[in-house]
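Participant: A predicted structure for the sequence below; I have some questions about it.
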Amino acid sequence: MPLWVHGLLLLSSLSAAGGQLMLKQGAAGRISAMEFVNPWLAGGLTFYIAGALLWILALSKAPLTLVYPYTALTFAIVYVSGAALFGEAVPVRAVAGVGLVLGGLLLINLR
C-alpha cells in the first residue's frame, strides 16, 4: 500500500476521532431536543463525514484487509483523547489494550 494511502487513513482516523470527540462535547449534559442543535454537534458531524469520505477514497486505492484495521486506530485515538480531554478514567489494563491494538495495526501493515 502506498505511503500516501496510509496518510489518507491516518487523516480519516483523526477526522473520525475528532468528530466523535466533538459529538461527545456537543451532547454532554443536553436534555431537550433543541439543545442538541449546537456548533459542537455540527462540527462533529462535519469531521465525521470528512473522515468517511477519506476512508472511501482509501478503500478505492487499497485492499480492504489493509484498510479496515485502521478503524482500530480511531478507537485508540478516541480512548486516549477521551481521557485527556474529558478526564475519563484510564485503568492500566486499558492502556495495555490500546498498546495491543496499536501493535496489531503495526503487525498488519508490516509487509
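Facilitator: Now that the structure is in, tell me what you want to look at.

Participant: list the buried ones in the helix ranked longest in the chain?
Facilitator: Secondary structure assigned by DSSP state H gives helix 3-27 as the longest helix of the chain. For helix 3-27, burial by neighbour count (16 or more other C-beta atoms under 10 Å) applies to 5-6, 8-9, 11-26. For every residue, glycine as well, the C-beta is placed using N, CA and C.

Participant: Can you name the next helix or strand after that helix?
Facilitator: Sequence order places helix 39-61 as the next helix or strand after helix 3-27, per DSSP states H and E.

Participant: what does that following helix contact?
Facilitator: If you take C-beta atoms under 8 Å, 6 or more residues apart in numbering as the criterion, helix 39-61 is touched by 1-2, 5, 8-9, 11-27, 67, 70, 74.

Participant: Confirm for me that Gln20 is in contact with Tyr79.
Facilitator: No. If you go by C-beta atoms under 8 Å, Gln20 and Tyr79 don't touch, sitting 10.3 Å apart.
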